[in-house]
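*Asks:* Give me coordinates for this.
(2 chains)
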Amino acid sequence: MSTIAQQGAAEHRMPRDHFLNAAYTIKSWLLTMDHKRVGLLYLFSISFFFLIGGTFASLIRLELATPEADLMEADQYNVAFSMHGIVMIFFFLIPSIPAVFGNFIMPLMIGAKDVAFPKLNLMSWYLFIFGGTFGVLTTLLGGVDTGWTFYTPFSSTYSNSNVILAGMAAFIAGFSSILTGLNFMVTIHKMRAPGITWFKMPLFVWGMYATSLIMVLGTPVIAITLALMMVERGLQIGIFDPALGGDPVLFQHLFWFYSHPAVYIMILPGMGVISEVIAAFSRKRIFGYDFIAMSSVSIAVLGFFVWGHHLFVSGQSIYAGMVFSFITMLVAVPSAIKVFNWMATIYRGSVSYDAPMLYALGFIGLFSVGGLTGVFLAIMGLDIHMHDTYFVVAHFHYVMVGGAVTAFMAALHFWWPKISGRMYPEGWSRLAAFLIFAGFNMTFFPQFIVGYLGMPRRYHVYPEEWQLLNIMSSAGATVLAVAFIVPVIYLLWSLKNGKIAGPNPWRATGLEWILSSPPPEHNFPTTPIVEEEPYDYGEIIENPVHRDEEEKEHEHA
Amino acid sequence: MSVSTEAAAHGHEVHDHPEYMRHQFDDMEQQNDAANLGMWLFLLTEVMFFGGFFLGYSIYRSEYYDSFVIGSQNLDVFLGGLNTVALITSSVTMAFAVRAAQLGKKNHILIFLVLTLILGLVFMVNKYIEYSHKLHDGLIPGYNFLWTGLGDGQSIQLFYSFYFCMTGTHGLHVLIGLVLIVWLLIRVWQDKFTTEYYAPIENFGLYWHFVDLVWIFLFPLLYLIGGLAV
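*Replies:* Numbering: from 1, shown residues only, chains lettered A, B, ... in the order given. Here you go, the predicted structure:
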């Protein structure tokens, strides 16, 4: 397998001034107005929360290695899966790609000097940390046992755990998400450099735009829902508690009105990343640009009309259920459009298998499995059988871990040279990509089977005949855990010892690659003017030397 | 991909920026447009936020209509009406303040912002009087709620829950607005704004109109259910 990184023969030097050596004080980080530094602040914070969420996942898989309750009691197990869900969703997946790479890369891609509101951007990070503090506090005080869904009346009346603290954590982190989405939408609308029209934007930017749309429209609804839930718990008034005249299904409607679109907050940025990576490592113009761009937007819009598929067995009207079922299946159309366009891009491309591309290929397969099993679950009759089983757990982990986390890893490796200025070790990175793919499938594929056989989610004990499948799953989780530690080690190692990357190690198109790596503090000395289409790989392939010289000139200048 | 890093054709002098222009923008037009769009998007999030209340309100109003009528007729329509007048008038004075900012008339901005501030304060004082009456009458849900009159106490409490949640959240918005007016007054006093840069006043105006508009929905929905009962 050839890689682009191995082909790059030219020796590069680190740029003299860049955003990382502009200042070294702690204050220069904590009060930074630089979108690139804010992106890195998010990278550190979400890595921390990924570790916490991963620890809870490990506890869950340890307990499920045997059919009996040996490590945890029922109550403790409830806390473990609830905290796993809350931390992973609100503090890792939702901010992951948008807050890290959306912040770092998106303004570079559109030729902007920064996001539209740098102060607000920093404030978003502080809100995230403030919410995260509540999350950590919840954990330290014994956790919460409602599941990440906070269903009433259990959360508002019966649970004896720290519901209000956990609710506050999600509530506050939500405002961070709203402000990030708002900032990105304004940035994309108003800050594009001359020549970057809507349909010349890189597809990652389209992904960020669609994501921001959901953040802005959906997140306020979860805020008010959680607020009402906390008010009800604090004051015992009957908004959602049927014993006091309230309606628990209303909570579910409001909750899923945000929380279903929220899964598109997690996957749409990932799809944007994959579009970038596939084009760069196939050395081809992306196939069906307009369709990929519009499918992001249509997923975002359709996503707001499918929440009822979480309520098929909650006493929702069957006619409403039929409509929701139909619209849910419609989401498969734009999703499939993306997958087919990526495949068509790879087809007859000059493919090289660097780590980002390995992740991208993994993404296509895993996301397809996750997406197609989603269509199973959209069918009402089948869902009555599958509802709340491990089939559902496997389905959404294929989308969220197989999709979103894999895309996050692709993005991390693709833009790591841009962020740090150095290359990571190629062999180790490919090994980690393989390990993650293998460990992931070993963890979650057995869950499809055990779920189809009827194993319900959220129980710490199960009948003995399912032990083999559960042991496979736990063994896979161990591989996965190791596979996530490997990149941490070699990425940190590469900060000092990695080969110097130069401005464009992948010889990719896009404005971020004409800047030095790491980029200068104020990005572009003057606003760039873009004349070409995005993904114009033809010119690079025909004349790669020319481009290297151009880069050197740029470095000297 | 050929990309030139020369200044845009319509570009301005890069190093000749007024103090109020932020470094990430090319010109004031871009900065003002961005600020306006940001405010409109923020108001959109507010609509979605209050939307959750309105949805819950609609469902329980149709489920417990009689209780909502009883609860509603126990509210003080006079004070509520007075507050409606106060807020609508404050929207007018705010609009005048924005116009004065466009024309660069500092004294007029100050006068109209102070008038807006006073009307906002009138609203908050009335709200305080209303709330303390309810506290006195034992109508605070979850705290001292005791319904002795006709009707189903539990669903009447639900009405009051929505009353306090909705007017409370709205009141919080008014309060934040009042703080922002004080901040604007200081900035105007210090001559921070010009006829080119008055976006904060303009966008605060949008926010203030939005808060007013929410009240215009809240007043009939909460105070006037089942018609006026004087």
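*Asks:* Quick check: B:Gly205 touching B:Ala97?
*Replies:* Yes - B:Gly205 is within contact range of B:Ala97, at 7.0 Å (criterion: Cβ atoms under 8 Å). To be clear about C-beta, it is placed using only N, CA and C from the backbone, and glycine gets the same treatment.
*Asks:* So for these two, which sits in the more crowded spot?
*Replies:* More crowded of B:Gly205 and B:Ala97, by other Cβ atoms under 10 Å in any protein chain shown: B:Ala97, with 29 against 22.
*Asks:* What parts of the stretch 401-550 of chain A come near chain B?
*Replies:* Proximity of the stretch 401-550 of chain A to chain B, by Cβ under 8 Å from any Cβ of the partner chain, involves residues A:509-511, A:514, A:522, A:524-532, A:534, A:536, A:539-540.
*Asks:* gap between the one helix or strand A:Gly234 maps to and the chain center?
*Replies:* A:Gly234 is part of helix A:203-235, with elements assigned from DSSP states H and E. Distance of helix A:203-235 from the chain centroid (Cα atoms, centre = their mean, to the nearest Å) equals 16 Å.
*Asks:* same question, stretch B:159-178
*Replies:* 10 Å.
*Asks:* in that stretch, what's buried?
*Replies:* By 16 or more other Cβ atoms under 10 Å in any protein chain shown, the buried positions in stretch B:159-178 come out as B:159-167, B:169-171, B:173-174, B:177-178.
*Asks:* nearest to chain A, of these?
*Replies:* Among those, B:Ser161 lies closest to chain A (Cβ to the nearest Cβ), at 4.4 Å.
*Asks:* Can you give me the distance of the residue nearest to A:His84 when sequence neighbours are not counted to A:Val375?
*Replies:* Closest residue to A:His84 apart from its sequence neighbours, by Cβ to Cβ, 6 or more residues apart in numbering or on different chains: A:Phe56 at 3.8 Å. Remark: distance between A:Phe56 and A:Val375 (Cβ to Cβ, to the nearest Å) = 30 Å.
*Asks:* more crowded one of those two?
*Replies:* With neighbours defined as other Cβ under 10 Å, A:Phe56 and A:Val375 compare such that A:Phe56 has more, 21 against 15.
*Asks:* The more buried one and chain B: what is the separation?
*Replies:* Separation of A:Phe56 from chain B (Cβ to the nearest Cβ, to the nearest Å): 29 Å.
*Asks:* other SSEs contacting whatever helix or strand A:Ser58 lives in?
*Replies:* Taking DSSP H and E as the criterion, A:Ser58 maps to helix A:35-63. Judged by 3 or more Cβ pairs under 8 Å, 6 or more residues apart in numbering or on different chains; DSSP states H and E, helix A:35-63 is in contact with helix A:26-30, helix A:74-86, helix A:103-109, helix A:118-140, helix A:467-497.
*Asks:* ok, B:Phe219 touching B:Gly80?
*Replies:* Yes - using Cβ under 8 Å, B:Phe219 is in contact with B:Gly80, at 5.6 Å.
*Asks:* quick one on the thing from earlier: list the buried residues in the helix holding A:Gly234.
*Replies:* A:203-233, A:235.
*Asks:* for stretch A:433-453, same thing?
*Replies:* A:433, A:435-437, A:439-451.
*Asks:* Three-state assignment for the closest residue to chain A within chain B, please.
*Replies:* Closest to chain A within chain B is B:Gly142: 2.6 Å, counting by Cβ to the nearest Cβ. Secondary structure assignment for B:Gly142 (DSSP: H, G, I helix; E, B strand; the rest coil): coil.
*Asks:* Phi and psi next, for it.
*Replies:* phi 70, psi 0 (degrees, to the nearest 10).
*Asks:* contacting residues around it?
*Replies:* A:234-237, B:161 (Cβ atoms under 8 Å, 6 or more residues apart in numbering or on different chains).
*Asks:* among those, which one has the lowest pLDDT?
*Replies:* When the contacts of B:Gly142 are compared by pLDDT, A:Ile237 scores lowest at 81.
*Asks:* close enough to count as contact, that residue and A:Val231?
*Replies:* Yes - with contact defined as Cβ under 8 Å, A:Ile237 and A:Val231 form a contacting pair (7.0 Å).
*Asks:* Which neighbours do the two have in common?
*Replies:* What both A:Ile237 and A:Val231 touch, as defined by Cβ under 8 Å, 6+ apart, is the set B:Ser161.
*Asks:* After the lowest-mean-pLDDT helix or strand in chain B, which helix or strand is next?
*Replies:* Between all helices and strands in chain B, the lowest mean by mean pLDDT, DSSP states H and E belongs to strand B:3-4, at a mean of 48. On the C-terminal side of strand B:3-4, the nearest following helix or strand under DSSP H and E is helix B:28-63.
*Asks:* Remind me what that following helix packs against, helices and strands.
*Replies:* helix A:163-190, helix A:203-235, helix A:248-282, helix B:153-189, helix B:199-223.
*Asks:* and the ones you listed as JSON lines, adding distance to A:Ile485?
*Replies:* Output for those, formatted as JSON lines (distance: least, Cβ to Cβ, whole Å):
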{"stretch": "helix A:163-190", "distance to A:Ile485": "26"}
{"stretch": "helix A:203-235", "distance to A:Ile485": "27"}
{"stretch": "helix A:248-282", "distance to A:Ile485": "22"}
{"stretch": "helix B:153-189", "distance to A:Ile485": "45"}
{"stretch": "helix B:199-223", "distance to A:Ile485": "47"}
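*Asks:* B:Asn74 is nearest to which of these?
*Replies:* helix B:153-189 (8.5 Å; Cβ to Cβ).
*Asks:* can you give me how far the closest one is from the chain middle?
*Replies:* That offset, for helix B:153-189, works out to 8 Å (Cα atoms, centre = their mean).
*Asks:* how big is the angle separating that helix from helix B:28-63?
*Replies:* Counting by axes from the mean of the first three to the mean of the last three Cα atoms, to 10 degrees, helix B:153-189 lies at 160 degrees to helix B:28-63.
*Asks:* relative to helix B:199-223, how tilted is helix B:153-189?
*Replies:* Using the same axes, to 10 degrees, helix B:153-189 lies at 160 degrees relative to helix B:199-223.
*Asks:* tell me, how many neighbours does the residue nearest to A:Leu182 when sequence neighbours are not counted end up with?
*Replies:* Nearest residue to A:Leu182 in three dimensions, chain neighbours excluded: B:Leu41, at 4.8 Å (Cβ to Cβ, 6+ apart). A count of nearby residues for B:Leu41, using other Cβ under 10 Å, gives 21.
*Asks:* quick one, what contacts B:Leu41?
*Replies:* By Cβ under 8 Å, 6+ apart, the neighbours of B:Leu41 are A:182, A:185-186, A:216.
*Asks:* which SS state does the residue of the stretch 51-200 of chain A found nearest chain B fall under?
*Replies:* Closest approach of the stretch 51-200 of chain A to chain B (Cβ to the nearest Cβ) occurs at A:Asp114, with a separation of 3.8 Å. Under three-state DSSP, the three-state class of A:Asp114 is coil.
*Asks:* ok now do it, which residues does it touch?
*Replies:* Counting by Cβ under 8 Å, 6+ apart, A:Asp114 makes contact with A:33-35, A:107, A:522-523, B:23-24.
*Asks:* Separate out the buried members of those.
*Replies:* A:33-35, A:107, A:523, B:24.
*Asks:* Reformat these as JSON lines; add distance to A:Phe257 and pLDDT.
*Replies:* Putting those into JSON lines (distance: Cβ to Cβ, whole Å; pLDDT from 0 to 100) gives the following:
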{"residue": "A:Met33", "distance to A:Phe257": "34", "pLDDT": "92"}
{"residue": "A:Asp34", "distance to A:Phe257": "35", "pLDDT": "95"}
{"residue": "A:His35", "distance to A:Phe257": "30", "pLDDT": "96"}
{"residue": "A:Pro107", "distance to A:Phe257": "31", "pLDDT": "96"}
{"residue": "A:Asn523", "distance to A:Phe257": "37", "pLDDT": "92"}
{"residue": "B:Gln24", "distance to A:Phe257": "34", "pLDDT": "87"}
